[in-house]
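J.: Mind looking at a prediction? Sequence and model below.
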Amino acid sequence: MSEFIRAIDGFGLSRPEAVAFSNSRGERMTFGELKERSDAIAAHLAQLDPERKPVVVYGHKSPLMIACFLACAKSGRAYVPTDVIYPDLRIADIIGQLDSPIVLNTSDRDISAISDAMGPCLGAAELAACAPEPAELLPESACLTGDETFYILFTSGSTGHPKGVEVSAESVDNFWKWMLERFSPDRTGAPESEQRTLFGRAPFSFDVSLGDMAMSIGAGDAMYALVEEDEDNLSRAFDALATSGAHAWSSTPTFAEMCLRDPSFSPELLPNLSTFILAGEALKGETVIKLLDRFPGSQVINAYGPTESTDLVSTATITREMAETQNPLPIGYAKTGTDLYVLDPETLEPMPNGEKGELFIVGNTVAKGYFGRPDLTEAAFGVCPEPLAKGRRSYRTGDAAIMADDGCVYYYGRLDFQVKLHGFRIELGEIEAALCRLDGVMSACVLPVERRGTLSHLAGYVVSRKAPEAEGASNLERVQAVKDGLRAFLPEYMIPRKIVFIDEMPLGASGKVDRKRLQELG
Amino acid sequence: MEEKLLDIIAEVCDSDDVRAERDVDLFAAGLLDSMGAIDLLVEIEDEFGVVIAPTELEREDMNTVNKIIARVQERL
């Protein structure tokens, strides 16, 4: 049985009344309820379909979603988290890549018609009410374990379709144990009366949310989430956060930066808050300084890790002195059970310390690969030379990095066309493919745009035939039509803020799009 | 002041269309998001010394060019 699941179940018995998860919508679930609900749904799943195929869980930061994740694991099924922030066509794409999956819909909207390829679709009411007989509850031996796939997390794919990263139960266990060691060393065996709360910002369709769960729920502590409609409105967000009592904070640097822009983001609002864990994009020194000024005595941790290695693989506590003097800030030292290597991306020879190369991750949390895509898996996994990998799983990140003599790693951006926009991982190729699916679009290229040294938004350059009905339309109307078209395939964070219509794509000598000349077009 | 403010909005939204289309909902049009809105408030503070805390405003209070101009004029 997955040790992570066993631990959470244990809290269900030892502290059944303690809150495991709550959100700004006022939904909450105790450890006791979490155990009871996940046991019931697990039994229900086993009756519904004896085949242990991956199950899609759809919703948004609800306690029922977490119960469904645990239920899948307990019934020996991988879960595939999908969020309401994704358009239906994207969910349908994910469902289509699986084998007629059962869909657990924890949201309040009916999604049974979004795909012909789904298996039975269970709604929130059914999930909340299913109550199997005691004899029907599953034994511990039904739970996922070892190399069985714990979850499949779909992330942006450069070919226009999301790709599913497959992570094993063992990797989740290894990751969880390290999270406790790193972030909650004093939490093991802490009495229920000293329960703490972690504010976790990431939607559950992102790997960071697993880290948030591991270090909170996985330690017998509580996790608190802001639902999307509250996150978009800082005054509502702050009202909600004030009731959270959060001790620790996990978000992107951008979200922390947004909150810092308001003077009321302070210990007065969040008196217990003493730890910030920031991941998902490059952290800037000025953000750290502002956090330390605003929350004196707090600890700011820069964390790094791709979905392909479960979640975080390195961390660094950033002091004020580091924030004032270092640029970039370190992403830190490899976690227990992981080795980081900086290699020459061509020859795969180790780069000397202090020289830039590609970051490779080797160790006990590297994913199994991309679901149903042996081609993509082969290109990125197991590429690290054997003398370094020593029989362990490895992943080439595509991230440029430098390693210092003491093993501390510094991040220097991407080696390809992937960007991190406000913490969201985006393959520019996926947006370009979506643009080319629109009527009249002949070619497209998407570029990241910086403001004040930070990635601010995306710009899409489009060569399109002007549709007859577009005669007389203003530029803004044409731009709107393109954005509306994209919204059918892409979540809002992938829609370029700027759309520029051009007559032809500037090409370089090699025949590839000349991105520099595009940029000059404004 | 209006011209300068228009420059700022056009720069943050990365669109010159907003100079003419002053009643378009900038959020619905995908020209502003939460972070963009805060960038805009920072630029306004830097340029005009007008401090507007993000929590003071609802989205509906600054979702068009005309509303943003009105908000800043109130405070000048």
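T.: Yep, it's here.

J.: For whatever residue of the stretch 201-350 of chain A ends up closest to chain B, give me its contacts.
T.: Relative to chain B, the nearest point of the stretch 201-350 of chain A is A:Ser235 (3.9 Å; CB to the nearest CB). Every residue, glycine included, has its C-beta placed from N, CA and C. If you count contacts by CB atoms under 8 Å, 6 or more residues apart in numbering or on different chains, A:Ser235 has them with B:54-56, B:58.

J.: so it is in which element?
T.: helix A:234-244 (DSSP states H and E).

J.: What lies in contact with whichever helix in chain B runs longest?
T.: Longest helix in chain B, counting residues (DSSP state H): helix B:34-48. With contact meaning CB under 8 Å, 6+ apart, helix B:34-48 is reached by A:231-232, A:234, A:254, A:257-258, A:261, A:422, A:451, A:456-457, A:497, B:1, B:4-5, B:8-9, B:11-13, B:27, B:32, B:50-52, B:54, B:59, B:62, B:68, B:72, B:75-76.

J.: what does stretch A:326-337 give?
T.: By CB under 8 Å, 6+ apart, stretch A:326-337 touches A:174, A:177-178, A:181-182, A:282-285, A:288, A:302-304, A:312-316, A:318, A:322-323, A:340, A:363-365, A:401, A:404, A:407-412.

J.: Show me what from chain A comes close to chain B.
T.: Residues of chain A found near chain B (CB under 8 Å from any CB of the partner chain) are A:231-235, A:238, A:254, A:257-258, A:261-264, A:422, A:449, A:451, A:456-457, A:459, A:474-476, A:479-480, A:483, A:492-493, A:495-498.

J.: which ones among those are found in strands?
T.: A:449, A:451, A:456-457, A:459, A:498 (DSSP state E).

J.: picking that back up, which SSE is immediately downstream of the longest helix of chain B?
T.: helix B:65-75.

J.: Between helix B:34-48 and that next one, find me the angle.
T.: 40 degrees (axes from the mean of the first three to the mean of the last three CA atoms, to 10 degrees).

J.: So which bits of helix B:65-75 are buried?
T.: For helix B:65-75, burial by neighbour count (16 or more other CB atoms under 10 Å in any protein chain shown) applies to B:65, B:67-69, B:71-72.

J.: what packs against that helix?
T.: Helix B:65-75 sits against helix B:2-13, helix B:34-48, with contacts defined as 3 or more CB pairs under 8 Å, 6 or more residues apart in numbering or on different chains; DSSP states H and E.

J.: Switch the ones you listed over to TSV; also include mean pLDDT and mean neighbour count.
T.: As requested, the helices and strands packed on helix B:65-75 are exported to TSV (pLDDT from 0 to 100; neighbours: other CB atoms under 10 Å in any protein chain shown):
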stretch	mean pLDDT	mean neighbour count
helix B:2-13	95	17
helix B:34-48	93	18
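
J.: Make a markdown table from those helices and add distance to A:Leu137 to it.
T.: As requested, those are exported to a markdown table (distance: least, CB to CB, whole Å):
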| stretch | distance to A:Leu137 |
| --- | --- |
| helix B:2-13 | 56 |
| helix B:34-48 | 44 |
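
J.: what sits against the residue nearest to the spatial centre of chain A?
T.: By CA atoms, centre = their mean, chain A has its centre lying nearest to A:Phe206, at 2.1 Å. Each residue near A:Phe206 by CB under 8 Å, 6+ apart is listed here: A:153, A:307.

J.: how close does it sit to A:Pro306?
T.: Using CB to CB, to the nearest Å, A:Phe206 is found at 11 Å from A:Pro306.

J.: PyMOL command to pick out the buried ones of the contacts of stretch A:326-337?
T.: Remark: buried members of the contacts of stretch A:326-337, expressed as a PyMOL selection using 16+ other CB under 10 Å:
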select buried, chain A and resi 174+177+178+182+282+283+284+285+288+302+303+304+312+313+314+315+316+318+322+323+340+363+364+365+401+408+409+410+411
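
J.: Specify the stretch among the helices and strands packed on helix B:65-75 that is closest to A:Met223.
T.: helix B:34-48 (22.2 Å; CB to CB).

J.: got the angle between that closest one and helix A:234-244?
T.: Using the same axes, to 10 degrees, helix B:34-48 lies at 110 degrees relative to helix A:234-244.

J.: Now do helix B:34-48 against helix B:2-13, angle only.
T.: 150 degrees.

J.: center of chain B, which residue is that?
T.: Mean-position check on chain B, CA atoms, centre = their mean. Result B:Ile68 at 4.6 Å.

J.: Could you check how far that residue is from B:Thr55?
T.: 17 Å.

J.: got it, and A:Gly332?
T.: From A:Gly332 to B:Thr55 the distance is 33 Å (CB to CB).

J.: Tell me which of these two has more neighbours.
T.: Between A:Gly332 and B:Thr55, counting by other CB atoms under 10 Å in any protein chain shown, A:Gly332 is the more crowded of the two (23 against 19).

J.: Tell me the secondary structure of that one, please.
T.: strand (DSSP: H, G, I helix; E, B strand; the rest coil).

J.: ok, the spatially closest residue to A:Ala380 that is not a sequence neighbour - how many residues close by?
T.: Once flanking residues are discounted, A:Ala380 sits nearest to A:Arg396: 5.4 Å by CB to CB, 6 or more residues apart in numbering or on different chains. Applying other CB under 10 Å, we find 21 residues neighbouring A:Arg396.

J.: which residues does A:Arg396 contact?
T.: A:345, A:358, A:360, A:380-381, A:383-384.

J.: So what's the predicted local confidence for it?
T.: pLDDT recorded at A:Arg396 is 98.
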